[in-house]
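Enquirer: any chance you can model this:
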Amino acid sequence: MLKLSGKSVYKGVVLGPVTVFRPQDQLVKRTKIEDPQSEILRLQEAVVHAQEQLKKLYDKAVKEVGEASAAIFEVHQMMLEDEDYLDAIHNMIQTELVNAEYAAAVTGDNFSQMFADMDDDYMKARAADVKDISNRLIRNLQGNADNGLDSDEPSIIVADDLSPSETVQMDKEKILGFVTIHGSTNSHTAILARMMNIPALIGVPMNLDELHNGMLAVVDGFSGEVVFEPDDQLRQAAQEKMKQEQEKLHLLQNLKDKENVTLDGRSIKIYANIGSVGDVGYVLENDAGGIGLFRSEFLYLGRNDFPSEEEQFQAYKQVAQMMGGKKVIIRTLDIGADKQADYFNLGREENPALGYRAIRICLKQPEIFKTQLRALLRAAAFGNISVMYPMITSTEEVTAIYDIVKEVQKELDENETPYKLPEQGVMIETPAAVMISDELAEMVDFFSIGTNDLTQYTLAIDRQNEKLDDFYKPHHKAILRMIQMVTDNAHKHGKWAGICGELGADTDLTEEFLRMGLDELSVAPSMVLKVRKAVRETDLSK
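Expert: As a prediction, the model looks like this:
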């Protein structure tokens, strides 16, 4: 039995098997071989396994994001059958007497470079696909198939750390909890845990080499402890805690279909935050009044090329239709900082949180932005969609955005494509936006306050830096005064203001938010009923 402590990012208790998640980039060594035929046989088995994995990924993606977005996995399957590619690996094994892993790595690099050097944009895009296929073969050859995440059994994910692009590819139905060595309380892993209502710990001093897939563990988000190979007494105690938590959740279910109204009659909208089409189920299950933040950048992560206009249109349209007329607020892509996609070629930055990200990319690379805007405007014709723009710091940025929107409208009109101009708002995430919120309120339809970044920029703290977690104080008076200022400026101009950052789910502040006059709180789906409970127990007349 091994007991370790860490920092809890979501409270809860779970007992289950472990899956050790290892980084995809594995060290490939050149090894001299004696029997090339057996090495080729190993490669063939790895190819068959890869085809099976890609088929599973395709089926999963079809359910979650539709056929258009899932097509990339069909492309990968076809490329795995390419005779030139496979012959090149076979030839290298036979002529140079090297191991299959090394031959696959070198061939992958060669073919990737060949595609990258072509003039045709479509062929250039295949460079990343070949690299991805080669990495998959190498993982299979090394016995690290899909990092251990292809198990049919739900498990506790144990890792050094997890990036947004890694978590977005995971099958959420198979995750019981998270335990990581590194990470921040504000990382996407933490946000995902809160959305899914599963316990998660960070800062746990584990040695991953001592852990293995299938071993049993207890994760206790209340005490901040994880126990590997617990004894019978601890297992029973964990099962009892899990039972108690289920009973509490059952009581919360009684709040479904109830209004978000205080004891003295003050009402507020409670919406939910999501990152994919597949998350809508959590929204409906928890009875949210709408979607206050659809993080559209997750359509861009975990892939090798930009999502097409049609892929995005289908995703936005599907969410709008599934929500049946309830409001769906979609944030335009917020790539950059901790959310990196190689094909954007953003380059290395000394401080990416203060760098080339979000609306700055959109305004500098308008063709990327226009593709997304076309999809959004087309989808708005099928439901109650609103659009909001992240990382705003000036009125000039809003003017530039509106100019691009007008260009998109003109293109759609010329092509006689049906669309609707949605309600447009901005995210208040920078102190600059707070200070000019009176001017911004004249230009936009609503404000959504992103408290995660607002706290980061106001307190000069990198929210991804785990060493600074003790200094990251979202309850800081400066933050609360800024929220009040933004709300007041919105109301002066007849606009509404809400919070879509993690702070909106902090029930210690629910009463204060109500007194501030906020119109909406958008929270992790798992927090909707908890916030509703806090609202309904509040009496603002006292």
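
Enquirer: run through who's touching the one helix or strand Lys533 maps to.
Expert: Using DSSP states H and E, Lys533 sits in helix 528-536. Helix 528-536 is contacted by residues 252-253, 255-256, 258-263, 268, 270, 272, 286-288, 504-505, 507, 510-511, 514, 521, 523 when judged by C-beta atoms under 8 Å, 6 or more residues apart in numbering. From N, CA and C alone the C-beta is placed, and that goes for glycine too.

Enquirer: so which of the residues you listed belong to strands?
Expert: If you go by DSSP state E, the contacts of helix 528-536 have Ile270, Ala272, Leu521, Val523 in strands.

Enquirer: what about the longest strand in this structure?
Expert: strand 13-20.

Enquirer: contacts only, for Ala103.
Expert: Ala103 neighbours (C-beta under 8 Å, 6+ apart): Leu43, Ile89, Met92, Ile93, Glu96.

Enquirer: give me the element it is part of.
Expert: helix 100-116.

Enquirer: mind listing what the residue lying closest to Ile479 once chain neighbours are set aside touches?
Expert: Leaving aside its sequence neighbours, Ile479 sits nearest to Thr455 (C-beta to C-beta, 6 or more residues apart in numbering; 5.6 Å). Applying C-beta under 8 Å, 6+ apart to Thr455 gives the contacts Ile461, Arg463, Tyr472, Lys473, Pro474, His476, Ile479, Gly501, Leu503.

Enquirer: buried only: go through those for me.
Expert: When the contacts of Thr455 are checked for burial by 16 or more other C-beta atoms under 10 Å, the buried set is Ile461, Arg463, Tyr472, Pro474, Ile479, Gly501, Leu503.

Enquirer: just the residues you listed now: which is nearest Ser8?
Expert: Tyr472 (14.9 Å; C-beta to C-beta).

Enquirer: surely Gln424 and Tyr389 touch.
Expert: Yes: taking contacts as C-beta atoms under 8 Å, Gln424 lies within contact range of Tyr389: 7.5 Å.

Enquirer: neighbour count winner among the two?
Expert: Tyr389 (24 against 18; other C-beta atoms under 10 Å).

Enquirer: and the closest residue to Lys60 other than its chain neighbours, how many neighbours?
Expert: Distances taken as C-beta to C-beta, 6+ apart place Asp171 nearest to Lys60, at 6.3 Å, with adjacent residues excluded. The local packing count at Asp171 equals 16, with neighbours defined by other C-beta under 10 Å.

Enquirer: repeat that for the one 5 residues further on.
Expert: Counted with other C-beta under 10 Å, the neighbours of Leu176 add up to 21.

Enquirer: now do the host helix or strand of it: everything it contacts.
Expert: Here Leu176, judged by DSSP H and E, is contained in strand 175-180. By C-beta under 8 Å, 6+ apart, the residues outside strand 175-180 that reach it are 6, 9, 12, 14, 16, 154-162, 189, 192-193, 196, 198-204, 206, 217, 219, 221, 226.

Enquirer: and Gln464, which of the three is it?
Expert: Under DSSP: H, G, I helix; E, B strand; the rest coil, Gln464 falls in the coil class.

Enquirer: change the start of the numbering to 33 and stick with it
Expert: Sure, I'll start counting at 33 from here, so that last one is Gln496.
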